[in-house]
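S.K.: what shape does this take:
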Amino acid sequence: MDYILFFKDNKRFITFGIMMTFFSSFGQTFLISLYVPNLIAMLGLSNAMFGGLYAGATIFGALSLMYFGRMIDTVSLRKFSVVTAVILLVSCLVIAFSGNLAGVAIGLFGLRFAGQGLLGHIALTSMSRYYEENRGKALSLSVLGFSIGEAIFPVTIGFVIGLYDWRTALIFSAVLIGIILIPLIYWLLSKVPDKIENKNDEQDTQKFSYIEILSKRRFYIITINTIMLPFMLTGLLFYQLILAEQKGWTLEWMATCFIGFAVARTLGSIAAGPLVDRFSGVQLFPLYLIPFAGGVSLLVFFSHPYIAMIYLSLAGFAMGLSQSIKGAVLAEVYGTRYIGTIRSMYTAIGVLSTAVSPVLIGWMLDSGWRFASISLIAVLIVIGVIMLSFLLKTEKDYVIIPSQ
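M.R.: Below you'll find the predicted structure:
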């Protein structure tokens, strides 16, 4: 009931957040991976070589995000959002009409920069800044777009690829952005101030400084935690077709299991909002990785088809929890005045981490590693990060601005 009333009172701005995260799917690994076999065949590359290309595009996108992402603190939200959507649209078309390495690289950069990076960054930064007392609910509702995209787009794009081809699927994606997302941005933000201010901004006495941030232990605790889930999950999803082959799962079943991922992510998002509003993000920070560790551990020992559904559902639940919890942590620890700049820095680091895992896992697969061994290493690392994350609660040199 709280969610319904809150959405009713803030439907335009929350819908904006949902649409931005929804369309970020076009730059996410789970959707780009559907094009990977065709792109590898067209370019004549190995798994590791294409992973390197993907990593390069992702790294360049992350570095660009660190610079351009902070502009949300100073420029018109509507203009910034529209430009980002246009970049995503053009990137889809560049890959669709490209037949060479350079064109694919440019298109992948645009997808990662605008899709994985900026669209989600815009949505979560706006929710964190605009809301204080209901920050958890606002973040939880806005990240539902991720789940909806994961439920709809793999099946839809997979259907278009099967019925026509991968180039048509990319053109179809560009058309959706042009006729749905861009007009909606104009309409949904028509009554929202260009520069959103949080009422606590004047009380926030922390002055932004990269040097000061990097000098604090909390930066490294937050960084290691926040990169872990995207790092691990990107690598595993990037080669999901190879995982299915090794486990004896059909591609159709894997696509179906993504519905479980999306549903679980939705449940995690819904659960996270009230929890954040009640306990704060800092208190919940070490806990959201536990379901992911449990899911990946199943890949070590089992190969039954239902394991794919359980693994992806637990991973999705962790993802649903993570977006709201991590978004709240940054606002609580650093305040909201420079939240766009802060988020762009952490988001860029997270995106950079996703550039490494496809290369690393691609090299391991080319070297003969099995997914069971890769999964075991992943579980051990995640457990270590969970233990480290409890240290954030011992940090006392920041001002938590709790949601009420």
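S.K.: going forward, measure contacts and count neighbours with C-alpha atoms only.
M.R.: OK.
S.K.: from what I can see residue 361 touches residue 233, true?
M.R.: No: using Cα atoms under 8 Å, residue 361 is not in contact with residue 233; the gap is 11.2 Å.
S.K.: just for the protein, where's the confidence low?
M.R.: 1, 192-210, 336, 395-404 (pLDDT under 70).
S.K.: now with 50?
M.R.: Where the chain drops to pLDDT under 50, the residues are 197-205, 399-404.
S.K.: next one: phi and psi at residue 33?
M.R.: phi -60, psi -20 (degrees, to the nearest 10).
S.K.: the chain should start at 451 in everything you say after this.
M.R.: Got it, the first residue is 451 from now on, which makes the last one we talked about residue 483.
S.K.: how about it: what's its closest non-neighbour residue?
M.R.: Distances taken as Cα to Cα, 6 or more residues apart in numbering put residue 688 closest to residue 483, at 5.6 Å, once the chain neighbours are dropped.
S.K.: just confirm the one you found contacts residue 485, I think it does.
M.R.: No: counting by Cα under 8 Å, residue 688 stays clear of residue 485, with 10.5 Å between them.
S.K.: of the two, which one has the most company?
M.R.: Taking other Cα atoms under 10 Å, residue 688 and residue 485 do not tie; residue 688 has more neighbours (25 against 18).
S.K.: any idea how far that one lies from residue 504?
M.R.: Using Cα to Cα, to the nearest Å, residue 688 is found at 10 Å from residue 504.
S.K.: now list whatever residues contact both of the two.
M.R.: Common neighbours of residue 688 and residue 504 are listed as residue 808 (criterion: Cα atoms under 8 Å, 6 or more residues apart in numbering).
S.K.: distance of the residue nearest the centre of the chain from residue 491?
M.R.: In the chain, the residue lying closest to the centroid (Cα atoms, centre = their mean) is residue 566, at 6.0 Å. For residue 566, the distance to residue 491 (Cα to Cα) stands at 24 Å.
S.K.: residues touching the residue lying closest to residue 737 once chain neighbours are set aside, list them.
M.R.: Closest residue to residue 737 apart from its sequence neighbours, by Cα to Cα, 6+ apart: residue 836 at 7.0 Å. Contact analysis of residue 836 by Cα under 8 Å, 6+ apart lists 675, 736, 737, 739, 740.
S.K.: ok, residue 844 - how many residues close by?
M.R.: Using other Cα under 10 Å, residue 844 has 9 other residues around it.
S.K.: ah, wrong one, I meant residue 455
M.R.: Neighbour count of residue 455, defined by other Cα under 10 Å: 10.
S.K.: host element of it?
M.R.: Using DSSP states H and E, residue 455 falls within helix 452-459.
S.K.: buried residues in the helix or strand just after that helix, which are they?
M.R.: Next helix or strand after helix 452-459 toward the C-terminus (DSSP H and E): helix 461-473. Buried positions in helix 461-473, judged by neighbour count with 16 or more other Cα atoms under 10 Å: 462, 463, 464, 465, 466, 467, 468, 469, 470, 471, 472, 473.
S.K.: angle of helix 461-473 against helix 452-459?
M.R.: 110 degrees (axes from the mean of the first three to the mean of the last three Cα atoms, to 10 degrees).
S.K.: alpha carbons only: can I get the helix or strand just after helix 461-473 in PDB?
M.R.: Past helix 461-473, heading to the C-terminal end, the next element that is a helix or strand (DSSP H and E) is helix 479-482. Coordinates of each C-alpha in helix 479-482 appear next as PDB, following Å, rounded to 0.1, in the frame of the first residue of the first chain:
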ATOM      1  CA  THR A 479      25.600  -7.600 -21.200                       C
ATOM      2  CA  PHE A 480      22.600 -10.000 -21.000                       C
ATOM      3  CA  LEU A 481      21.200  -8.500 -24.200                       C
ATOM      4  CA  ILE A 482      24.400  -7.700 -26.100                       C
END
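S.K.: can you list contacts of the helix or strand just after helix 479-482?
M.R.: The helix or strand immediately downstream of helix 479-482 is helix 486-493, counting by DSSP H and E. Helix 486-493 is contacted by residues 496, 497, 500, 549, 550, 551, 616 when judged by Cα under 8 Å, 6+ apart.
S.K.: out of the residues you listed, which end up buried?
M.R.: With neighbours counted using 16+ other Cα under 10 Å, the contacts of helix 486-493 contain these buried positions: 497, 500, 551, 616.
S.K.: check contacts around the last one.
M.R.: Think residue 616. Taking Cα under 8 Å, 6+ apart, one finds 485, 488, 546, 610 in contact with residue 616.
S.K.: so for the first one, what's the nearest residue that isn't a sequence neighbour?
M.R.: Leaving out its chain neighbours, the residue that sits closest to residue 485 by Cα to Cα, 6+ apart is residue 616, at 6.5 Å.
S.K.: any chance of the buried ones among the contacts of helix 486-493 in JSON lines, plus distance to residue 664 and secondary structure?
M.R.: Formatted as JSON lines, the buried ones among the contacts of helix 486-493 follow (distance: Cα to Cα, whole Å; DSSP: H, G, I helix; E, B strand; the rest coil):
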{"residue": "497", "distance to residue 664": "35", "secondary structure": "helix"}
{"residue": "500", "distance to residue 664": "33", "secondary structure": "helix"}
{"residue": "551", "distance to residue 664": "37", "secondary structure": "helix"}
{"residue": "616", "distance to residue 664": "43", "secondary structure": "helix"}
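S.K.: of those, which is the nearest to residue 823?
M.R.: Closest approach to residue 823 among those (Cα to Cα): residue 497, at 18.4 Å.
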